[in-house]
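# Just need the structure, nothing else, for what follows:
(4 chains)
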Number of protein chains: 2
Amino acid sequence: MKTDALTGIAGILRKNTYKMTPQRRAVLEVITGSHDHLTPQAIYRRVQKKYPAIGLVTIYRTLEILADLNLVCRVHAEDNCRSYLMRRPNGHHHHMVCKSCGEVIDITGCNLDELEQRLSRETGFKIDGHLLEFNGHCRACLDRGENDNEQR
Amino acid sequence: MKTDALTGIAGILRKNTYKMTPQRRAVLEVITGSHDHLTPQAIYRRVQKKYPAIGLVTIYRTLEILADLNLVCRVHAEDNCRSYLMRRPNGHHHHMVCKSCGEVIDITGCNLDELEQRLSRETGFKIDGHLLEFNGHCRACLDRGENDNEQR
DNA sequence: ATACCAATTGAAAATCGTTTTCAATTAGAA
DNA sequence: TTCTAATTGAAAACGATTTTCAATTGGTAT
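Numbers count the residues shown, from 1 in each chain, chains lettered A, B, ... in the order given. All right, here's what the predicted structure looks like:
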C-alpha cells in the first residue's frame, strides 16, 4: 500500500518534470504516516531520523511542489498558519483539527453552497471559494484529560 | 461620529489600565477609516502619513491590545495570515473578502451549527469553534475588470 | 552500461515579519 | 504641579522562510 502510493506519486512527479529522490520519498513517508497536520519543522525533525543529512530547505521545497500538485493540503490553523497533511479525499473537503493532539478528520459535504448563493445574490460578490476549518478536541484527548499542550 | 467612537474607546482603554495616546488614536483612525482588512505593515504606512515618527513596534503593540479588548478582529486569509479590521457586528460573524480591493463584508448567520452537531455526534469531537472565510470579487471590481492586483 | 543535462541538493547568507530589551518620555490620577 | 506606571522608538534578537550557488544526482537517450 505504502509503496504503491509512493510509486504512483513518483509517476505524477515525473509527469510534471519533477524527479523522485530519496529525500522526497522520506518526506512523503512521514506525511503519509501521520494522521496529524505537521509543520515544516515537525516534518524536518521526523525525516531526520531516517535521513539525517537532509536540509530544512529541501523540506520546504518538497512541500511547495507537493502542494502545487495537490498531493498535500495546507492547513491554516488559528495559531499555526502553515502545516501540511496528505490529501485524502480527492474532492472538495475541509478539516476538523484537534487542538491537543493535532489529529485531523476530513469533512466532505460542507453545506455552504446555498449560503454562498444567497450571499452572492444579496451582495453581488462572485465567490471563488472558502476557507473552513473546525477546531476542538477529539474523543481520545477528551477522555484522557484534554489538557495536553499543543503539538509542534 | 469618529470622535465619539474614539472617546468611547479611550474610556475602554482606561478601564483596562491602558492609556489613550496620539499614536493609538492615529492607529484607530486608520482602522476605523478603512473598510478593508489591513496588515500591520499597511497600517504602519498609513499612520506614518499623519504621524511620521511612529514606530512599527507601536503598531504591533497597539493591535495586540485592541485585539485583546475585542475592539478589532484579526483576519486569517489564505495568503495573508495576519490582518486587522474594526470589529463591527458584536456577535459571531465571518468575513467575505474581495481579492482585488480587499473590501470586507460581514456575514452573520453561518448555518454551521447543525453541521457541527452532526460532526460532534458522529466523531465524538467537542468542537470549540470554526474558521470560515469566503473569498472572491466584489461587484465594483467585477464591473471595472476585476484584474487588479492584490493590495498589501 | 554510459553519457548527458536538467533537476535537485545542502550550506550559508539574505530576507521578512515579529518580539524583546532598554533607556527616555508621557498620560492621567492624585 | 507632582508622581508613577504605562508607553514610546531604536536597536538588537529572533524565528521562519527564501535566495544564491557550487556540487551532486535522477532518469532519459544512447
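# Can you get me the start-to-end distance on stretch A:15-26?
20 Å (Cα to Cα, to the nearest Å).
# and chain A, which of its residues are near DNA strand D?
Within chain A, the residues that sit near DNA strand D (Cβ under 7 Å from any atom of the strand) are A:10, A:14, A:19-22, A:39-41, A:56-57, A:60-61, A:64, A:81-82. From N, CA and C alone the C-beta is placed, and that goes for glycine too.
# how about 6 Å then?
Residues of chain A lying close to DNA strand D (Cβ under 6 Å from any atom of the strand) are A:10, A:14, A:19-22, A:40-41, A:56-57, A:60, A:82.
# Which positions within the longest strand along chain A qualify as buried?
Looking across chain A with DSSP state E, the single longest strand is strand A:126-137. Neighbour counts over strand A:126-137 (16 or more other Cβ atoms under 10 Å in any protein chain shown) mark A:127, A:130-137 as buried.
# Check stretch A:117-126 too.
For stretch A:117-126, the buried set under the neighbour-count rule, 16+ other Cβ under 10 Å, comprises A:119-120, A:123, A:125.
# Just the buried subset of the residues of chain A next to DNA strand D, please.
A:10, A:20, A:40.
# Give me the spatial nearest neighbour of the first one, chain neighbours excluded.
Looking back up the chat, that one is residue A:10. Nearest non-adjacent residue to residue A:10, counting by Cβ to Cβ, 6 or more residues apart in numbering or on different chains: residue A:20, 4.0 Å away.
# Do a quick rundown of the helices in chain A.
Using DSSP state H, the helices of chain A run over residues A:2-15, A:22-32, A:40-50, A:56-68, A:113-123, A:139-143.
# Get me the contact residues on chain A for DNA strand C.
So chain A meets DNA strand C at A:17-19, A:21, A:23-24, A:53-55, A:57-58, A:61-62 (Cβ under 6 Å from any atom of the strand).
# Identify the farthest-apart pair in the residues you listed.
Greatest spatial distance in those: A:17 and A:53, 24.9 Å, computed using Cβ to Cβ.
# And for chain A, the residue most distant from the center?
residue A:122 (33.7 Å; Cα atoms, centre = their mean).
# how far away is it from residue A:18?
Distance, residue A:122 to residue A:18, by Cβ to Cβ, to the nearest Å: 44 Å.
# Show the model's pLDDT score for the residue nearest the centre of chain A.
In chain A, the C-alpha closest to the average C-alpha coordinate belongs to residue A:85, at a distance of 2.0 Å (Cα atoms, centre = their mean). Looking at residue A:85, its pLDDT is 93.
# quick one: it from DNA strand C, how far?
Going from residue A:85 to DNA strand C by Cβ to the nearest atom of the strand, to the nearest Å gives 20 Å.
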